[in-house]
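Q: Sequence first, predicted model second:
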Amino acid sequence: MTDPHPTVGLDDVVHQRTRLGVLALLNSGVTLEFGALRDTLHLTDGNLNRHLKVLTDAGLVSTERRGAGRPKTWVAITEAGRAALAAELTALRAVIAAAEPQR
């Protein structure tokens, strides 16, 4: 039996472009307001909401409503989110290495 291709190590929850972007933005330790995430990633409210639900359900980010009057939603990465992002980056590096021409 041959070793599996490195793409087998990619996590479907994390690997999706928008979710990967959210985790990458939050990984520096900042908590970002929903609108800032939306605008930075060029998304609609509904699209970002859908992806945040997937990430929240997987335990990779947390959300909190803050503020008086019109509260805003703030998003932070969890420790599980940091670990999932690190694993995804490791898998991506392996995919890149496997794609390099053999000399």
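A: Received the coordinates, thanks. Numbering: from 1, shown residues only.
Q: For the chain, which segments are assigned as helices?
A: Listed in chain order, the helices found in the chain under DSSP state H are 12-15, 17-26, 34-40, 45-57, 79-99.
Q: Which pLDDT value belongs to residue 103?
A: Looking at residue 103, its pLDDT is 69.
Q: before we move on, back to that, I'd like the helices of the chain as a markdown table, with mean neighbour count and mean pLDDT appended.
A: (Glycine included, C-beta is placed from N, CA and C.) Below are these laid out as a markdown table (neighbours: other Cβ atoms under 10 Å; pLDDT from 0 to 100):
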| stretch | mean neighbour count | mean pLDDT |
| --- | --- | --- |
| helix 12-15 | 15 | 92 |
| helix 17-26 | 19 | 97 |
| helix 34-40 | 15 | 97 |
| helix 45-57 | 15 | 98 |
| helix 79-99 | 14 | 95 |
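Q: Dump these to CSV, plus distance to residue 63.
A: What follows is the helices of the chain, written out as CSV (distance: least, Cβ to Cβ, whole Å):
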stretch, distance to residue 63
helix 12-15, 16
helix 17-26, 11
helix 34-40, 8
helix 45-57, 6
helix 79-99, 12
